[in-house]
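Visitor: structural data only, the sequence is not supplied:
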């Protein structure tokens, strides 16, 4: 009897070929039940990947630093503990030296980035504008000097003419009559 009512293995395989009426549950098959959870999980994965990339870059940079350290000869001063206990001093100095070096490198990188941030590269347009302004300033200064020289020459000539008329008026007044002096004074007023 068992053979008649016993389930056969072929029926299970036949059911798989048709429509699947069973709905999958998120807990069993790894499907995320909520969109928010999916976004959070995706963000966490991207952060992890970014951390791994940065760690790989850092490890690569440390590898380059170690290669350059072997090429360079550095004399580092040892602490007084090193001379008293060479073994323990050596261990602590290598650890602190490495920490100091990485800290110093990070500090220099930050300073370099900040320095580049505030510096504006000079462009050819800026340089040309600066040269044009400088040439314009020189031209205006030259005009001002020429104008001042011209005015001073005119004033000197006018002063000389007035003195010569004054001298002439003195000598002519004594020699001639009053109308000659009036004529000179009239000439001085006209000019």
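Guide: Received, thanks. Only a predicted model underlies this, so the values are computations on that prediction, with no experimental measurement involved.

Visitor: which parts of the helix or strand where residue 59 lies are buried?
Guide: Applying DSSP states H and E as the criterion places residue 59 in helix 35-71. The neighbour-count check on helix 35-71 (16 or more other C-beta atoms under 10 Å) flags nothing as buried. From N, CA and C alone the C-beta is placed, and that goes for glycine too.

Visitor: same deal with stretch 113-130?
Guide: For stretch 113-130, using 16+ other C-beta under 10 Å, no residue counts as buried.

Visitor: mind giving me the domain ranges of the chain?
Guide: Domain assignment for the chain, taken from automatic domain parsing, gives 81-110, 136-191.

Visitor: the ones you listed: lowest mean pLDDT?
Guide: Ranked by mean pLDDT, the domains of the chain bottom out at domain 81-110, which scores a mean of 66.

Visitor: which elements pack onto the longest helix belonging to the chain?
Guide: With secondary structure taken from DSSP state H, the chain has its longest helix at helix 124-175. When contacts are defined as 3 or more C-beta pairs under 8 Å, 6 or more residues apart in numbering; DSSP states H and E, helix 124-175 packs onto helix 178-190.

Visitor: so how far is residue 5 from residue 131?
Guide: Counting by C-beta to C-beta, to the nearest Å, the gap from residue 131 to residue 5 is 105 Å.

Visitor: nope, residue 103 is what I was after
Guide: 78 Å.

Visitor: neighbour count for the two, which is higher?
Guide: Ranked by neighbour count (other C-beta atoms under 10 Å), residue 103 and residue 5 place residue 103 first, with 10 against 6.

Visitor: give me the neighbour count for residue 165.
Guide: By the criterion of other C-beta under 10 Å, residue 165 has 16 neighbours.

Visitor: oh sorry, the question was meant for residue 32
Guide: 13.
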